[in-house]
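K.L.:
got a structure for you, letters missing:
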Ligand SMILES: Nc1ncnc2c1ncn2[C@@H]1O[C@H](COP(=O)(O)OP(=O)(O)OP(=O)(O)O)[C@@H](O)[C@H]1O
């Protein structure tokens, strides 16, 4: 755990810096990503100026209430936003390639090759009438068409092994597998081409607690093997805390805080992060859950200034009037809140 925390500390500073402590540039740099959904009721800015970076081998948990923009961020990074949504701006660099600037064919190649996405409910979208092996082979062929038959077969067997599944799963159908096994198949498909970045959207939802842990451990092990940067989207802060290096908190389309997992749990900076952390059950508040007052705002009618101000226990005069901007604290943490206007590194 201590090495995780140490790399997390370094990782947090990376959010502000182009290079990490080892002198290596981060493998993933998301800059000013913006997505708007043009609905009949109006424009909903689901992703508002989101920037962060991750080093190879680093894991980031992305949390926030339902509708805060977590899946939109993942889809935008994959260039899979569909109408009425539109990516309005920003870049997603993997090494020095901006995915946003690739032509559609190059982007198709980049998916699975450079960046893999395991969507919400992936295990339920395995094709019920195709053997697992055929689905794996198809995935490779569509992204690496020149690979030989033997190389493809080897890749599939290696991927199954790396997620702790027997090679016999290759010839099975989805209905013959448990939920945890299906989710592991989805992870195996995600890592077939050893991508540099893996995004897993709620990989453990709909699984029992024991299987949740096993799936997280599988992601951990596979990630270690290929040294990928991983983004884990989820609601379970407790489970996430055990597996990630840093945590990003989203609110109403903005990434309002990025901190190491230790900092997030011991000293969250944004009042919304503080509310999220104090709403977690612990031994002191046995069974008494502290909710966050108020409701998440509609993106169509966002409160002025800071969108969190109507629910914030630390609201100040400036909060409804002025939109807070990204601040990097002296310890490298990123926060978007007027409370820290004075603490910024200049
Ligand atoms: N196809 C769509 N058309 C219109 N609005 C959309 C569409 N998809 C998402 N949105 C809006 O974008 C916002 C962000 O949605 P998103 O699914 O990214 O949130 P999320 O944080 O992933 O939520 P959850 O935790 O429930 O998965 C939501 O407020 C939603 O209303």
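P.N.:
Sure thing, it's come through. The structure presented is a predicted model; accordingly, all values stated were derived computationally and were not measured.

K.L.:
next structured bit after the helix or strand where residue 62 lies?
P.N.:
Assigned by DSSP states H and E, residue 62 belongs to strand 59-63. Sequence order places helix 70-77 as the next helix or strand after strand 59-63, per DSSP H and E.

K.L.:
quick revisit: orientation of the strand holding residue 62 relative to helix 70-77 in degrees?
P.N.:
130 degrees (axes from the mean of the first three to the mean of the last three CA atoms, to 10 degrees).

K.L.:
Not counting sequence-adjacent ones, nearest residue to residue 144?
P.N.:
residue 193 (6.0 Å; CB to CB, 6 or more residues apart in numbering). Placement of C-beta: from N, CA and C, glycine included.

K.L.:
check contacts around residue 251.
P.N.:
Counting by CB atoms under 8 Å, 6 or more residues apart in numbering, residue 251 makes contact with 64, 65, 68, 270, 272, 296, 307, 308.

K.L.:
Now narrow those residues to whatever sits close to the ligand.
P.N.:
Among the contacts of residue 251, the residues that sit close to the ligand (CB under 6 Å from any ligand atom) are 64, 68.

K.L.:
Going by distance to the ligand, which of the contacts of residue 251 wins?
P.N.:
Of all the contacts of residue 251, residue 68 has the smallest distance to the ligand: 4.2 Å, by CB to the nearest ligand atom.

K.L.:
can you give me phi and psi for the closest residue to residue 258 other than its chain neighbours?
P.N.:
Take residue 258 and drop its neighbours on the chain: the residue closest to it by CB to CB, 6+ apart is residue 334, 4.3 Å away. Per-residue torsions, residue 334: phi -110, psi 130 (degrees, to the nearest 10).

K.L.:
Which strands or helices does the strand holding residue 62 pack on?
P.N.:
Using 3 or more CB pairs under 8 Å, 6 or more residues apart in numbering; DSSP states H and E, the elements in contact with strand 59-63 are helix 70-77, strand 229-233, helix 237-241, strand 246-251.

K.L.:
do it and the ligand meet at all?
P.N.:
No: applying CB under 6 Å from any ligand atom, one finds strand 59-63 separated from the ligand by no less than 8.5 Å.

K.L.:
Partner strands of that strand, with direction?
P.N.:
Paired neighbours of strand 59-63 in the sheet (DSSP bridges): strand 229-233 (parallel), strand 246-251 (parallel).

K.L.:
picking up where we left off before, can you lay out the helices and strands packed on strand 59-63 as a markdown table showing distance to the ligand and mean pLDDT?
P.N.:
Listed next are the helices and strands packed on strand 59-63 as a markdown table, based on distance: least, CB to the nearest ligand atom, whole Å; pLDDT from 0 to 100:
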| stretch | distance to the ligand | mean pLDDT |
| --- | --- | --- |
| helix 70-77 | 3 | 96 |
| strand 229-233 | 7 | 95 |
| helix 237-241 | 13 | 83 |
| strand 246-251 | 6 | 95 |
